[in-house]
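1. Sequence and predicted structure below; questions after.
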Amino acid sequence: MLSRVAENLYWMSRYVERAENTARLISVNSNLLLDLPGGIAPGWAPLVDIMGVRGDFDSRFKETDERRVLMFLIADLNNAGSILSSLHYARENCRTVRDIMPREIWEELTELYLYARENINTGLTKRGRFAFLKRIIYGSELFIGMLASVQSRDEAYDFIRIGRNLERADMTTRIIDVRSDDLLPDDVSDLRPFDTIQWVSVLRSLSAYQMYRRHMQTRVRRDAVLRFLFKDKQFPRAVRHCLNMIEGCLEELKNNEQPLKRVRTLVRKVERRNVETLDQAALHGYIDDLQLNITSLHSTLAETYFPKSVQQQEVQ
């Protein structure tokens, strides 16, 4: 496979996943603000931090109010991580590799992009927001499902899965890091019910609530949520599962020594650390280390498989 094609497939998958994750975060945050009292609600600023675009946002806006944050994360073409930008870049990457993919994939991605572009103003309104975000999430899931149904299990499919799972692992760590930092201090006993609501929002941001209850068989609490989202091998958005998928794909590729070494280092970091015992400061440090290793894995993949001349959006 040409290195250019491998890179286009990898980034196509990452951008579709990024658009879906952004839509999930906005939808869950909107519901969370309805469930919490105004005095302790986290507001909209955490979404900017989760997406890793605080510097860009602050350079252009003075306030992190609802209108500005939603415009920035949904419709701003100058923000490469916005929903509209992500779908645009995904479509452009797909366009260049149309000859090796089923036509249905190109058509579905084009339809999703055109829907987002044509309905972007409706998606920014309170009345139309949830329907718009639901359509973005549904379109992304349909795209993934169609790939699973009609794409040959070859090198192309491996690069698509590597991109999707690397983006998921990165986003899961970001959500845990920022959302757990927003949670209430342990010494405020009167607010414990609201703390549970916020941990539920962490799970819902990843569509993990039902699977958490099924596999953990316990109420929603910090230690169990952290253990599930970092170490579960079966839930598709858990860090451990994502890394397993990447490792499995890399084992099928040639010249895989350095990427495999990187991903196995990450697996050991997740396996050996008892995340449920970490206080907030230690958890933040641990997640910072994981994110640096995720960035290093991306760099190793780029150095090994992608052309030096092509410049793609760096990890947010």
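-> Alright, I've got the coordinates.
2. Quick one: residues contacting residue 137.
-> Applying CB atoms under 8 Å, 6 or more residues apart in numbering, we find residue 137 in contact with 20, 23-24, 27. (C-beta placed from N, C-alpha, C; glycine too.)
3. Just the CA trace of the helix or strand where it lies, in CSV.
-> According to DSSP states H and E, residue 137 maps onto helix 129-150. Taking C-alpha atoms only, helix 129-150 is exported to CSV below (Å, rounded to 0.1, in the frame of the first residue of the first chain):
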residue,chain,number,x,y,z
ARG,A,129,-29.1,21.4,18.8
PHE,A,130,-30.0,17.9,20.1
ALA,A,131,-31.4,16.7,16.7
PHE,A,132,-28.4,18.0,14.9
LEU,A,133,-25.9,16.3,17.3
LYS,A,134,-27.9,13.1,17.2
ARG,A,135,-27.7,13.0,13.4
ILE,A,136,-23.9,13.6,13.5
ILE,A,137,-23.4,10.7,16.0
TYR,A,138,-25.8,8.4,14.0
GLY,A,139,-24.0,9.3,10.8
SER,A,140,-20.6,8.4,12.3
GLU,A,141,-21.8,5.1,13.7
LEU,A,142,-23.4,4.3,10.4
PHE,A,143,-20.1,5.1,8.6
ILE,A,144,-18.3,2.7,11.0
GLY,A,145,-20.9,0.0,10.6
MET,A,146,-20.8,0.2,6.8
LEU,A,147,-17.0,-0.1,6.9
ALA,A,148,-17.3,-3.2,9.1
SER,A,149,-19.8,-4.7,6.7
VAL,A,150,-18.3,-4.0,3.2
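4. Heading C-terminal from that helix, find the next helix or strand.
-> For helix 129-150, the succeeding helix or strand toward the C-terminus, using DSSP H and E, is helix 155-182.
5. Pull out the buried positions in that next one.
-> Using 16 or more other CB atoms under 10 Å as the test for burial, helix 155-182 gives 155-180, 182.
6. So what angle separates the directions of that helix and helix 129-150?
-> For helix 155-182 against helix 129-150, the angle by axes from the mean of the first three to the mean of the last three CA atoms, to 10 degrees is 150 degrees.
7. Chain neighbours aside, what residue packs nearest to residue 87?
-> residue 113 (4.4 Å; CB to CB, 6 or more residues apart in numbering).
8. What of residue 91?
-> Nearest residue to residue 91 in three dimensions, chain neighbours excluded: residue 113, at 4.7 Å (CB to CB, 6+ apart).
9. Now do the same contact list for the one you found.
-> Going by CB under 8 Å, 6+ apart, residue 113 touches 87-88, 90-91.
10. That one and residue 147: what is the separation?
-> 16 Å (CB to CB, to the nearest Å).
11. Reformat the contacts of residue 113 as JSON lines; add distance to residue 106 and neighbour count.
-> Output for the contacts of residue 113, formatted as JSON lines (distance: CB to CB, whole Å; neighbours: other CB atoms under 10 Å):
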{"residue": "87", "distance to residue 106": "13", "neighbour count": "26"}
{"residue": "88", "distance to residue 106": "14", "neighbour count": "18"}
{"residue": "90", "distance to residue 106": "11", "neighbour count": "24"}
{"residue": "91", "distance to residue 106": "8", "neighbour count": "18"}
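12. and which of those residues is nearest to residue 238?
-> Distance to residue 238, by CB to CB, is smallest for residue 90 among the contacts of residue 113, at 23.8 Å.
13. Thanks a lot, see you next time.
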